[in-house]
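Peer 1: Give me coordinates for this.
(2 chains)
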2 protein chains.
Amino acid sequence: VIAVDAMGGDYAPEEIIKGAVAAVDRGHRVVLVGPRQEIDCTLDQIDARVPVVDAPDVIGMEESLSKTLLDRRSSLQVAADLVLRGRADAVVSCGNSAAIWTVARFRWGTQPGIDRAAFGGVLPTTHGGVFVLDIGANTSVKATNLVQFAVMGDVYMRVTRGLTTPRIALLSNGTEDSKGTRPVKEANEALRKLPDIQFVGNIEGNQVFEDIADVVVCDGFTGNILLKGGEGVAMEIFKLLKTELSKDLFTRLAASALVPAFARVKQLVDYEEYGGAPVLGVNGVMVNCHGRSRAKAVTNAVGLADRMARECIVDRISDALRHDAVEISRRRIRLARALHLRHE
Amino acid sequence: VIAVDAMGGDYAPEEIIKGAVAAVDRGHRVVLVGPRQEIDCTLDQIDARVPVVDAPDVIGMEESLSKTLLDRRSSLQVAADLVLRGRADAVVSCGNSAAIWTVARFRWGTQPGIDRAAFGGVLPTTHGGVFVLDIGANTSVKATNLVQFAVMGDVYMRVTRGLTTPRIALLSNGTEDSKGTRPVKEANEALRKLPDIQFVGNIEGNQVFEDIADVVVCDGFTGNILLKGGEGVAMEIFKLLKTELSKDLFTRLAASALVPAFARVKQLVDYEEYGGAPVLGVNGVMVNCHGRSRAKAVTNAVGLADRMARECIVDRISDALRHDAVEISRRRIRLARALHLRHE
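Peer 2: Got it, this is the predicted structure:
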């Protein structure tokens, strides 16, 4: 059962509810969480039936995180509590990602063996998308965090894409092992020694889009810059094309013939196709959709959450971490750091 | 007089020499530095006259940095020495940027008042480009470094673009002052207190392309990811467009009518238009062009170097730094850090 927060996002609740209804039609079991009357009213309008769990409050985009946690009757918290009480297996929300992070992190807790949970996200590419983590939760990290992100990304891609050995890369300012910040260099060394992971080394920003890696590991600050910067470039190019192609009647005419082709290109760089950003490393399955998500994105996110819950991703991450090699790598990094600091 | 390293870059020496000749035609005074015979031969072929300073050695792309420094007869070092001996005012090179950085940093030295020199670079945008620094020299920085980068970027934009008060922004993972790594947060606080700089606060990766800031300040790791990531997205979109537009005869026909429009878009995201990346904070003017630079890029870089030298950018940076406010901000950051560490 997937609990869908009906009140998060720019187009809540209508688009969220439509997305949930479409997910039910695809065979998923869904409960909608939010103010019962409002949701029932919308369901009546589109003549559909989905179970509803009442939650009177809504978390605003500007809500402080402490208030988010204190408000136990908000749709997001009620949804998270359903998972805690075993009445749901996962939560999907298009709300404020800081609130989602806070609730997952503090209501569910970080899972054993993980020092820091992470937000993951898919960067669209021509070969089906690259999974990047962390994309914003941790502004600064240690090498052990990066190693754990790599393990979580590995399990995530096995579970959601069915890859047998996903290729894992570290994002850096050069492909050589000697390039990067200190945590990146230490993580590179540690990942080279992990037997169960296919580590392909450091990659640079432009190589993210070449078919070199399935998972790109970085700290949340860098991940945020990579994603937002890429979004900026894409928007800039589309804006430029629009200006150039509508300059005179002749180009407008030729361009109008190409509208379907342009639409396909735009679709490929569209977040709606990609089902949302999971919080990994917490005791539960939480998927965050873009605030601008419409019904289709919500339906995809329910599918993703369902798959993660069915495949017991939390347990599988724990299993991967229990592997001796990860613990050894952790001790090795600590030792290397201690020696390094002493040396300084 | 601008010393042009004739031997750096993928198309050296022909394209470099052609670019230098074009710069002379535009009224710049240029000396070419490299193996005399080879250069004279090329000059004869295109029937042009430019003074040559002999330098028998060439620095390879894979040269170690210590070897780069030891080889005093390489074209890059001979060019740098011309500036030291007062026989040239600036150096332009399309060679390996690590070598250029090393020579500028260790042969010329970091200028007084600067703790770390930086590589700057222009990110193409629809409104004429944004100057980003650092783009690769310093993988990790302190807040004082970021403040100094801001001051250098401010002077650079005044000198090269004639802006009276360039808008300076810090790159971060959120626009709020509380967002970012610790150095970013500290630098934000310090920059708010500098009277001579128009600090517009933090900006996110996508906002770099909106007309919000003229200078974007970040550490070299993040700057590298921003530039390379953006390059990757642009290449990916052009690749996608090409695939989609050549799918059938009809789209190919319509697209062929739009070739000039596409060319204009590509030109706008083209590094050749932007004259090169300056090393700021060293005792001399050094401009690094992209390794793939052709004649036009070299000519533009000579123009840029000439302007920087004429306007005495090194002295103007020193003047800006001598301002009490910068020294006060430096002390303030140190104090804040000391208190913070004690608190921890």
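
Peer 1: In stretch A:210-230, which residues are buried?
Peer 2: Under the neighbour-count criterion of 16 or more other CB atoms under 10 Å in any protein chain shown, stretch A:210-230 has A:210, A:212-230 buried. For glycine as for every other residue, the C-beta is placed from the backbone atoms N, C-alpha and C.

Peer 1: Low-confidence regions, chain A specifically.
Peer 2: Residue ranges of chain A with pLDDT under 70: A:268-275, A:324-326, A:328, A:338-344.

Peer 1: where do the strands sit along it?
Peer 2: Taking DSSP state E, the strands of chain A run over residues A:2-5, A:30-34, A:52-54, A:90-93, A:118-123, A:130-133, A:167-171, A:198-203, A:215-217, A:277-280, A:285-288.

Peer 1: Contacts for the third one next, please.
Peer 2: Strand A:52-54 is touched from outside by A:3, A:31-36, A:39-40, A:43, A:78-79, A:82, with contacts defined as CB atoms under 8 Å, 6 or more residues apart in numbering or on different chains.

Peer 1: Tell me the one of those residues nearest chain B?
Peer 2: A:Ala79 (25.2 Å; CB to the nearest CB).

Peer 1: Just the ones of the buried residues of stretch A:210-230 in helices?
Peer 2: Taking DSSP state H, the ones among the buried residues of stretch A:210-230 that sit in helices are A:220-230.

Peer 1: of those, list those near chain B.
Peer 2: Filtering these for proximity to chain B by CB under 8 Å from any CB of the partner chain leaves A:220-222, A:224-230.

Peer 1: What ranges does the stretch 201-344 of chain A have for its helices?
Peer 2: Applying DSSP state H, counting those that start in this stretch to the stretch 201-344 of chain A gives helices spanning A:220-245, A:249-256, A:259-268, A:295-310, A:313-322, A:324-343.

Peer 1: Just send those helices back as a markdown table, with distance to B:Val200 too.
Peer 2: A markdown table is the format used below for the helices of the stretch 201-344 of chain A (distance: least, CB to CB, whole Å):
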| stretch | distance to B:Val200 |
| --- | --- |
| helix A:220-245 | 16 |
| helix A:249-256 | 35 |
| helix A:259-268 | 30 |
| helix A:295-310 | 33 |
| helix A:313-322 | 41 |
| helix A:324-343 | 37 |
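
Peer 1: Close to chain B: what parts of the stretch 1-150 of chain A are there?
Peer 2: Residues of the stretch 1-150 of chain A lying close to chain B (CB under 8 Å from any CB) are A:125-126, A:136, A:139-140.

Peer 1: Could you tell me which of these count as buried?
Peer 2: Among these, those scoring as buried are A:125, A:136, A:139 (criterion: 16+ other CB under 10 Å).

Peer 1: closest to chain B among those residues?
Peer 2: Nearest to chain B out of those is A:Thr139 (CB to the nearest CB; 5.2 Å).

Peer 1: mind checking how far A:Leu191 is from A:Ala213?
Peer 2: Distance, A:Leu191 to A:Ala213, using CB to CB, to the nearest Å: 12 Å.

Peer 1: intersection of neighbour lists for the two?
Peer 2: Listed as contacting both A:Leu191 and A:Ala213 by CB under 8 Å, 6+ apart are A:Ile168.

Peer 1: ok, back up a step: nearest to B:Asn202, out of the strands of chain A?
Peer 2: Checking the strands of chain A against B:Asn202 by CB to CB gives strand A:118-123 as the closest, at 19.3 Å.

Peer 1: May I see the buried residues of the closest one?
Peer 2: The neighbour-count check on strand A:118-123 (16+ other CB under 10 Å) flags A:118-123 as buried.

Peer 1: residues in contact with the residue nearest to A:Arg294 when sequence neighbours are not counted?
Peer 2: The shortest distance from A:Arg294 to any non-neighbouring residue, by CB to CB, 6 or more residues apart in numbering or on different chains, is to A:Glu15 (4.8 Å). Applying CB under 8 Å, 6+ apart to A:Glu15 gives the contacts A:9, A:293-295, A:298.

Peer 1: Many thanks, have a good one.
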